[in-house]
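Colleague: sequence and predicted structure, then a few things I'm wondering about:
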Amino acid sequence: MLTHAINILLSGIFHAAILFLVAAGLQLVFGVQRIFNLACGSFYALGAYTGVSAVNAFIRLGLPHELFLLALIGAGVCLALIGPLIEWLLRFVYERDEALQLLFTFALVLMFEDIIRLIWGPSPLSTGSLYLIYGQVTALGVTVPVYNLIVIAAGLVIALLMGAMLARTRFGRIIRATAENREMSAAMGVNLRAVYVKVFTLGTMLGTLGGALVIPATATMSEMGIELIVEAFAVVVIGGLGSMRGALVGALVVGILRAVAISTYPELEMVLMYLIVIGVLVLRPQGLFGEPAV
Amino acid sequence: MKVWIPLGSVLLLVLALPQLGWPYYTILMLSFFAYATALLGLNLLFGYTGLLSFGHALFLGLGAYTTAWLTSVWGIRSMEVMLLTAMVVAVLVAAPIGALCVRYVTIYFGMLTLAFGMLFYSFLLKFYHLTGGDEGMRVLRPVLLGCDLSGMPKLSFLIGPYYYYAVAVLALATGVMWRLVTSPFGLWLKAIRENPVKAAALGVSVRRYRWYAFLISAAYAAVGGALLGPTIGQVDPGLTYWTQSGHLVFMTLLGGFGYFLGPLLGALVFIYLQDALMTMFPYWRLVFGAMLAVLVLLAPEGLLGLLTGRLGRKTVRVAVS
């Protein structure tokens, strides 16, 4: 019974680590640019597909299989280069109505879906047996792939780094000031344009990295992006729009809830998630950690 | 006066289409009638009241599933009963949802409607014994105005009696909506869109009117869904997925949400263009995504805005919120 519970918890936390990365990107961009970027799910899918290609290329080059993680991280980080490009497009809608901004990111979702299909085709891809290359550990009667533990640790490290960056560094202060009041920070000499590019690129990288890291444990699917965006959406609503701590807590809630529901009463998996989302929106629309909605 | 001539000729063309011998394009018109009806409702909420729903596929799906449930589970096949039931069900479902949603505006309204839409989607998908799960449910041929036409071949039923029936429903829906938006009620909605605070100061109960608009738009979407049911013959949860809600908003923007007939034009262009692209190559989303991006950037007034020559940053009226 206990081992079963720990198993469920661990798989939930693994999923939460990935969700946190994507949701953190969504939060960062919403907090600073006030754009709810539906395309963050597409970044995730793009990261996953590029991750598979990078790993396959890595193996074909004859490099040691154990280092495939480097290829994944490299793919995730390099993909962030599309960030500045998309941010350049978004510049045209910063002054527009929120509805139009949302539709613009929806347009990106549609395009990315087909771009991915165009490049990688419709069939699922995977990295095969690399998932278990680091072996498994058994403790308290529970067996976990080491890879899962690596991803959980990576998620935690990134969360801590993000927290430290936001709280301690100059760039973090600028981000927080811009999120608080962009006119005022522009008046204080902050170069908004540069901040937007950096923040959006960072947000993109979190998404692509999340996609790249998940891929050894699963296979790519052409719908993975549009499916993840609704989960990331649930995370940020539960945690509170624009809040980093919210993204972490929201990801844990959604990730663990999903794992528990799948193993106990699968019919309720998604239904329960959306019920919680609606409950939070109705009772506490600012989310658990968000600023009160204006 | 000058509006009536083009409108009349379009109506004549629509009525004559089944006789022209293009059964394929005639059947596509049936989807248009369904989506156009749903979009009239969506635009009451978006264009007139200024609330962007990203979950309206819920009500479209509700209407479509009503036809499936009535025909294949209860054996009720009268189309009039189906349309009425779809409306009643939609209003009953929309009443509590709307009451919650209209407490918020802009992005929060959009998120809440999206969450409800996805809740319904997962219900359809997971409660297999009630809804058929991912396989969906069959919609049997309806009885129109008491005439049982089950002897007819499928194609001649769809491009014959059912076609004219759907035209009539759309025409009626359009007429009623026109009355609504030109009435004081429509004026209040526009006042709420332009400036909710001022509207409230003038004595308009903002939340209540937003709620009314929500209910009406839900009923319209359900009627659209009920028309769609017999057209496609098989309903599945995909009808209510969040991207479908996105497509509905896309159609509205494509035609021009600031115009009464904008959504109709948007639906028409969307459906025929999608069909044409899909037969050419499988990547229609790429083209549509690019088209939507260009629309948002350059022509947020939509096709009708372009046609009537009101393009240009200064005259662009994007007062939706």
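Modeller: Yes, it's here.

Colleague: residues from the stretch 51-200 of chain B in reach of chain A?
Modeller: For the stretch 51-200 of chain B, the contact set with chain A under CB under 8 Å from any CB of the partner chain comprises B:52, B:54, B:100, B:104, B:106-108, B:110-112, B:114-116, B:118-119, B:121-123, B:125-127. Just so you know, the C-beta spots here come from the backbone N, C-alpha and C atoms, and that holds for glycine as well.

Colleague: at 10 Å what do you get?
Modeller: By CB under 10 Å from any CB of the partner chain, the part of the stretch 51-200 of chain B that sits against chain A consists of B:51-52, B:54, B:97, B:100-101, B:103-112, B:114-123, B:125-129.

Colleague: pull out the buried members of those.
Modeller: Using 16 or more other CB atoms under 10 Å in any protein chain shown as the burial test, those include B:51-52, B:54, B:97, B:101, B:103-112, B:114-123, B:125-126 as buried.

Colleague: taking those residues one by one, which sit in helices?
Modeller: Of these, the ones assigned to helices by DSSP state H are B:97, B:101, B:106-112, B:114-123, B:125-126.

Colleague: check whether the strand or helix carrying B:L303 comes into contact with chain A.
Modeller: Following DSSP states H and E, one finds B:L303 within helix B:302-307. No. Counting by CB under 10 Å from any CB, chain A has no neighbours in helix B:302-307; the shortest distance is 11.5 Å.

Colleague: report the contact partners of the residue of the stretch 151-294 of chain A found nearest chain B.
Modeller: With CB to the nearest CB as the measure, A:M270 is the residue of the stretch 151-294 of chain A nearest to chain B, at 3.4 Å. A:M270 sits next to A:230-231, A:234, A:258, A:261, B:118-119, B:121-123, B:125-126 when contact means CB atoms under 10 Å, 6 or more residues apart in numbering or on different chains.

Colleague: relative to B:T66, which of the residues you listed is nearest.
Modeller: B:F123 (14.5 Å; CB to CB).

Colleague: okay, the closest residue to the closest one other than its chain neighbours: pLDDT?
Modeller: Closest residue to B:F123 apart from its sequence neighbours, by CB to CB, 6 or more residues apart in numbering or on different chains: A:V271 at 6.0 Å. On the pLDDT scale, A:V271 is placed at 83.

Colleague: A:V271 belongs to a strand?
Modeller: No. Under DSSP: H, G, I helix; E, B strand; the rest coil, A:V271 sits outside any strand and is assigned helix.

Colleague: check contacts around it.
Modeller: A:V271 sits next to A:261, A:265, B:118-123, B:125-127 when contact means CB under 10 Å, 6+ apart.

Colleague: which non-adjacent residue is nearest the residue of the stretch 101-250 of chain B found nearest chain A?
Modeller: Scanning the stretch 101-250 of chain B for the residue nearest chain A gives B:S122, at 3.4 Å (criterion: CB to the nearest CB). Spatial nearest neighbour of B:S122, excluding adjacent residues (CB to CB, 6+ apart): A:M270 at 3.4 Å.

Colleague: what's the answer for B:L277, then?
Modeller: Sequence neighbours aside, B:W284 is the residue nearest to B:L277 in space, at 3.9 Å (criterion: CB to CB, 6+ apart).

Colleague: could you check how far the one you found is from A:W120?
Modeller: As judged by CB to CB, to the nearest Å, B:W284 and A:W120 stand 18 Å apart.

Colleague: can you count the residues close to residue 251?
Modeller: As the question left the chain open, I've gone with chain A. Using other CB atoms under 10 Å in any protein chain shown, the number of residues around A:A251 comes to 31.

Colleague: meant chain B actually
Modeller: Residues lying near B:M251 (other CB under 10 Å) number 27.
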